[in-house]
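Participant: Fold the following, please.
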Amino acid sequence: MTTCPARGWAVGLTLLLVLGGCGAPPTPAGLPPQSAPAAGGTEVSFVIDNATVVTMDGAGRVLSPGSVAVDGTRIVAVDTPEAIAARFRARERIDGTGQIVLPGLINTHTHAPMVLYRGLADDLALMDWLEKYIFPAEARTVSPEFVRTGTRLAALEMIRSGTTLYADMYYFEEEIAAETKAAGLRGVLGQTIIQFPVPDAKAPALGLERAKAFIQRFKDDPLIIPAVAPHSMYTLDQATLLAARDLAVEQDVPLLIHLAETEDEVKIAQERYRQRPATYLDGIKFWAPVTLAAHGVWVAPDEVTMLAARGVGVSHNPESNMKLASGAAPVPAYLKAGAKLGLGTDGAASNNDLDMFEAMRQAAFLHKLVSKDPRVVSAKEALAMATIGGARALGLEQRLGSIEPGKLADIIAVRTSQPRQVPMYDPVSHLVYTTHGDDVVLSMVNGQVLMRDGVVRTLNESQVLQQARAAADQVRNAVR
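Facilitator: Got it, this is the predicted structure:
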């Protein structure tokens with residue numbers, strides 16, 4: 001398979017898109033042959049034709065039917081099929097009849113290799129789950145090869161369910177980055193820093209060194225945006241938190257952290273510092289220009305206002321929060337305050353999947369139930385959290401999160417042919433309340449088709465599953 005040459009990202013306060021074009025890859029066996037370019041018009045790599053296009057642009061446009069023209073790594077036009085046909089001829093045409101085309105989904109918080117702990121320990125509170133099961137299992141099993149195997153499995157699941165960009169915090173993050181890039185996915189990937197010894201660093205200072213080396217290796221990669229990921233305020237002292245912040249500022253990369261996930265975290269913060277977690281971090285001037293705080297459940301009203309004013313991105317993880325009984329984040333308050341709010345799955349060990357369609361549905365349902373108001377977190381708001389909201393939370397809204405000319409071609413399509421999808425009156429409602437991850441039929445990242453018509457092009461699926469099952473045997477033996 002041929003892939004487009006790297007187009008290049010410079011990561012920081014300004015994200016520079018280097019434009020260019022490339023030929024479409026050869027069609028693998030079993031897929032329809034490429035169509036010959038039509039006469040006349042500007043030649044482009046792809047036209048996704050005759051679909052319902054949910055753009056997620058500022059006007060909230062839905063084109064039915066609509067078409068999208070892609071050249072190289074970028075979207076060049078979104079319009080009616082007739083208008084696109086008049087302006088462009090495609091080296092490859094993708095027929096979107098009966099499908100909804102939308103921006104690739106953005107998972108703003110996960111721990112990709114933890115798919116290998118899926119179902120290892122369930123029905124537990126967070127601290128028991130972590131301290132009695134996950135931390136011991138990680139100490140005995142996590143290695144570079146284990147992380148590679150888990151990342152490949154996570155990438156396969158994400159490609160199949162429509163995620164095109166994910167934010168990650170884990171160990172051996174350079175291995176995660178290499179596998180993410182090989183799979184063709186986009187990642188904002190943070191090298192974790194934590195106070196106690198972990199598989200890739202026996203002390204926080206070594207974690208910081210690893211983070212710096214990771215950033216320098218991947219900083220100019222077209223798909224990987226390296227980040228610094230201090231675990232949380234309760235697993236790090238103030239000096240290490242500020243050192244992590246300083247590294248992110250110095251290297252001009254995002255800063256990722258867990259924030260106020262549980263009541264226990266609030267108790268720890270009040271016992272140590274007589275402050276709540278978010279207020280403590282604000283008081284030590286922790287926030288970097290691009291900071292993403294995962295969870296943000298136990299946040300007081302004034303802290304919601306403060307996070308919005310500081311421009312801190314917040315990743316809402318409804319399924320993990322419900323499964324671990326951590327609580328319900330004040331999402332309606334975040335939305336009202338204009339906070340940069342994205343959506344995440346958390347790791348599959350506490351979810352137990354990476355399906356962002358399920359995360360959207362549960363986000364909408366959870367807050368309707370908690371507020372006793374069915375109007376809270378509408379389908380449109382839930383979809384925004386998984387697309388343009390996630391891009392905004394990561395400081396990437398100028399390049400990703402909507403289908404607009406000039407943006408990077410991270411695009412998915414879902415079928416609408418299943419019995420539960422008929423009839424369809426509102427495509428946005430269908431995406432949030434009806435669609436499942438296995439309805440995805442097309443995944444494209446940076447103008448490269450990763451999956452089409454159920455065939456994943458960038459991973460050997462049977463090999464990935466075989467290796468994951470072997471790694472699960474390793475986990476079973478380690479926790480006996």
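Participant: so the nearest residue to Ala337 once chain neighbours are set aside is in which element?
Facilitator: Nearest residue to Ala337 in three dimensions, chain neighbours excluded: Ala308, at 4.0 Å (CB to CB, 6 or more residues apart in numbering). (Glycine included, C-beta is placed from N, CA and C.) Assessed by DSSP states H and E, Ala308 sits inside helix 301-310.
Participant: In terms of secondary structure, what does that helix contact?
Facilitator: helix 277-283, helix 331-337 (3 or more CB pairs under 8 Å, 6 or more residues apart in numbering; DSSP states H and E).
Participant: need those helices in JSON lines with mean pLDDT and mean neighbour count, can you?
Facilitator: Below are these laid out as JSON lines (pLDDT from 0 to 100; neighbours: other CB atoms under 10 Å):
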{"stretch": "helix 277-283", "mean pLDDT": "98", "mean neighbour count": "21"}
{"stretch": "helix 331-337", "mean pLDDT": "98", "mean neighbour count": "19"}
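Participant: right, and those helices - which one's nearest Leu63?
Facilitator: Closest approach to Leu63 among those (CB to CB): helix 331-337, 26.0 Å.
Participant: Report the next helix or strand after that closest one in sequence order.
Facilitator: Per DSSP H and E, helix 331-337 leads on to strand 340-343 as the next helix or strand towards the C-terminus.
Participant: Mind putting the helices and strands packed on helix 301-310 into CSV with distance to Val414?
Facilitator: Formatted as CSV, the helices and strands packed on helix 301-310 follow (distance: least, CB to CB, whole Å):
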stretch, distance to Val414
helix 277-283, 36
helix 331-337, 24
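Participant: Asp200: which of the ones you listed is closest?
Facilitator: Among the helices and strands packed on helix 301-310, helix 277-283 sits nearest to Asp200 (CB to CB), with 24.6 Å.
Participant: Return the helix or strand in the chain with minimum mean pLDDT.
Facilitator: Sorting the helices and strands of the chain by mean pLDDT, DSSP states H and E puts strand 16-17 at the bottom, at a mean of 30.
Participant: next SSE after it?
Facilitator: strand 42-54.
Participant: tell me how far that next one is from the chain's mean position?
Facilitator: How far strand 42-54 lies from its chain's middle: 24 Å, per CA atoms, centre = their mean, to the nearest Å.
Participant: List the neighbouring strands of it plus their orientation.
Facilitator: Using DSSP bridges, the strands paired with strand 42-54 are strand 62-71 (antiparallel), strand 88-95 (parallel), strand 99-103 (parallel).
Participant: any idea which of those strands is most buried?
Facilitator: Of those, the one with the most neighbours on average (mean count of other CB atoms under 10 Å) is strand 99-103, at a mean of 26.
Participant: Check which element follows that one along the chain.
Facilitator: Sequence-wise, the next helix or strand downstream of strand 99-103 (DSSP H and E) is strand 105-110.
Participant: and that following strand, which strands flank it?
Facilitator: Paired strands of strand 105-110, defined by DSSP bridges, are strand 163-170 (parallel).
Participant: Which SSE is immediately downstream of the partner strand?
Facilitator: Using DSSP H and E, the helix or strand that follows strand 163-170 in sequence is helix 173-183.
Participant: Tell me the buried residues in that next one?
Facilitator: Residues of helix 173-183 classed as buried by neighbour count (16 or more other CB atoms under 10 Å): Glu173, Glu174, Glu175, Ile176, Ala177, Ala178, Glu179, Thr180, Lys181, Ala183.
Participant: so can I have TSV of the residues you listed showing distance to Val198 and pLDDT?
Facilitator: Shown next, in TSV, are the buried residues of helix 173-183 (distance: CB to CB, whole Å; pLDDT from 0 to 100):
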residue	distance to Val198	pLDDT
Glu173	12	98
Glu174	15	98
Glu175	14	98
Ile176	14	98
Ala177	18	98
Ala178	20	98
Glu179	19	98
Thr180	20	98
Lys181	23	98
Ala183	25	98
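Participant: which one among those residues gets closest to Val266?
Facilitator: Nearest to Val266 out of these is Glu173 (CB to CB; 28.4 Å).
Participant: circling back: what's the closest of the helices and strands packed on helix 301-310 to Ile412?
Facilitator: Comparing these by CB to CB, helix 331-337 comes nearest, at 23.9 Å.
Participant: quick one: Gly327 and Phe146, what's the gap?
Facilitator: In this view, Gly327 and Phe146 are 31 Å apart by CB to CB, to the nearest Å.
Participant: Who has more neighbours out of those two?
Facilitator: When neighbours are counted by other CB atoms under 10 Å, Gly327 and Phe146 differ, and Phe146 comes out ahead with 20 against 16.
Participant: Find me the pLDDT at that one, would you?
Facilitator: Per-residue confidence at Phe146 stands at 97 (pLDDT).
Participant: which stretches of this structure have low pLDDT?
Facilitator: For the chain, applying pLDDT under 70 flags the ranges 1-40.
Participant: Which stretches in the stretch 101-250 of the chain count as helices?
Facilitator: Under the criterion DSSP state H, counting those that start in this stretch, helices of the stretch 101-250 of the chain are mapped to 126-128, 135-141, 144-161, 173-183, 204-218, 238-251.
Participant: what's in contact with stretch 120-132?
Facilitator: Contact with stretch 120-132 is made by 133-134, 137, 261-262, 264, 323-326, 349-350, 352, 475, 479, as judged by CB atoms under 8 Å, 6 or more residues apart in numbering.
Participant: tell me how far the ends of it are from each other?
Facilitator: Stretch 120-132 has an end-to-end distance of 11 Å (CA to CA, to the nearest Å).
Participant: can you give me how far it is from the chain middle?
Facilitator: Remark: stretch 120-132 is offset 24 Å from the chain centroid, using CA atoms, centre = their mean.
Participant: now the strands for the stretch 251-400 of the chain?
Facilitator: Assigned strands in the stretch 251-400 of the chain, in chain order: 255-259, 291-295, 313-316, 340-343 (criterion: DSSP state E, counting those that start in this stretch).
Participant: Which strands and helices lie in contact with the second one?
Facilitator: It stands for strand 291-295. Counting contacts by 3+ CB pairs under 8 Å, 6+ apart, strand 291-295 is packed against strand 105-110, strand 255-259, strand 313-316.
Participant: mind checking which of these is nearest Ala384?
Facilitator: Minimum separation from Ala384 across these (CB to CB) falls at strand 105-110, 10.7 Å.
Participant: Now do the helix holding Ala308 against strand 255-259, angle only.
Facilitator: 170 degrees (axes from the mean of the first three to the mean of the last three CA atoms, to 10 degrees).
Participant: List the buried residues of helix 301-310.
Facilitator: For helix 301-310, the neighbour count (16+ other CB under 10 Å) marks Glu303, Val304, Thr305, Met306, Leu307, Ala308, Arg310 as buried.
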